[in-house]
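In: my questions are about this predicted structure, shown below with the sequence.
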Amino acid sequence: MNDIYDVIVIGSGPAGFTAGIYSSRANLKTLIFEGWQPGGQLTTTTEVENFPGFKDGIMGPQLMTEMRAQAARFGVEYVTKDVTKVDFSSQPLKVYVDEEEYLAKTVIIATGAKPRMLGLESEKTFWAKGVSACATCDGFFFKEKVVAVIGGGDSAMEEANFLTKFATKVYLVNRTENFRASEIMIDRVKANEKIEILMNKTVDEVLGDAKVTGLRLKDTQSGETSEIEVDGMFLAIGHIPVTDLFKDQVELDKTGFIVQKEHTMTSVPGVFAAGDVADHRYRQGITSAGSGCMASIDAKKWMEDNE
């Protein structure tokens, strides 16, 4: 293609769509690669109650549809295909879908991160029907319920403690006899009367019908199985950033997240990162949207400074 875009956004979650809204409103020629499944992780959720502006909540897919339409209103172009290769070695920056080349002055990477899963079919079956990877997002729906948190790091401890604000009981399921979490977080969990710790256990199966009703656990030492009744299971075994495409293009940290050097800019001038692809800590729809705004503003400023 001969056209050079001011901004190409790779990814179509809250970060990508917000970057598109801000860039196109600033009269920048903007293209979003939204992939074959547009909308990011929020399209796999049900009701979203903590995104400002929707006092009665909004369904995740509807929220993303509204964001997409808002960006389109200001002139964003869309390609509903997955990017297969990038070349950030020189200007203009190059983005490819197979052999088709797209050129841009700046690129905003907003490909997100996906929760690390256990690898069970039943886990997929009950996703958003009792299985979640975000206590902050979904904990409210488990008022007066019993839930289980899977993991042994600081994130698992934080999730378990947080969920006791809603649930009557929280199981913390750890696959070994040792935690990876810091001592202070372990102490907090042990001091919480609502939390029961199950050591040397893995989830063998998520049980349920229309929704989660329990877990079958397997003892990692004896191999014996047992069942617990729960209304929900929260995964807290880490997130995997979607950065394979950029491994040889921008600097990544040891866990694969994009390193931001100056504000939202990556190690490559003119290439920016927004949302969960660079966020270890918050991973919320609203923080992703905010970082999409920031990346767009940073991209515009960079172009102005480098004309």
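Out: Cool, the structure landed. Note that the coordinates shown come from a computational prediction; the quantities given were computed from them, not determined experimentally.
In: which stretches in the protein count as helices?
Out: 14-25, 60-73, 121-125, 135-138, 154-163, 183-191, 285-305 (DSSP state H).
In: so what's residue 295 up against?
Out: Applying C-beta atoms under 8 Å, 6 or more residues apart in numbering to residue 295 gives the contacts 15, 19, 108, 110, 264, 272-274. For every residue, glycine as well, the C-beta is placed using N, CA and C.
In: just put those in TSV and tack on pLDDT and distance to residue 124.
Out: Formatted as TSV, the contacts of residue 295 follow (pLDDT from 0 to 100; distance: C-beta to C-beta, whole Å):
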residue	pLDDT	distance to residue 124
15	96	25
19	98	30
108	98	30
110	97	25
264	97	33
272	98	33
273	98	28
274	98	28
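In: so which of the residues you listed sit within strands?
Out: Secondary structure from DSSP state E places 108, 272-273 of those in strands.
In: closest to residue 132 out of those residues?
Out: Ranked by distance to residue 132 (C-beta to C-beta), the ones in strands among the contacts of residue 295 are led by residue 273 at 25.3 Å.
In: which stretches of the stretch 201-307 of the chain have low pLDDT?
Out: Scanning the stretch 201-307 of the chain for pLDDT under 70 picks out nothing.
In: of the helices of the chain, flag the one that's most buried.
Out: Greatest average neighbour count among the helices of the chain goes to helix 14-25 (a mean of 29), per mean count of other C-beta atoms under 10 Å.
In: just to revisit the earlier point, make TSV out of the helices of the chain and add distance to residue 251.
Out: What follows is the helices of the chain, written out as TSV (distance: least, C-beta to C-beta, whole Å):
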stretch	distance to residue 251
helix 14-25	19
helix 60-73	28
helix 121-125	33
helix 135-138	28
helix 154-163	24
helix 183-191	29
helix 285-305	16
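In: ok, which stretches of the stretch 1-150 of the chain are strands?
Out: Using DSSP state E, counting those that start in this stretch, the strands of the stretch 1-150 of the chain run over residues 4-10, 30-33, 47-48, 58-59, 77-79, 85-87, 93-97, 100-109, 113-115, 131-132, 146-150.
In: how near is residue 239 to residue 72?
Out: Note on residue 239: its distance to residue 72, by C-beta to C-beta, to the nearest Å, is 29 Å.
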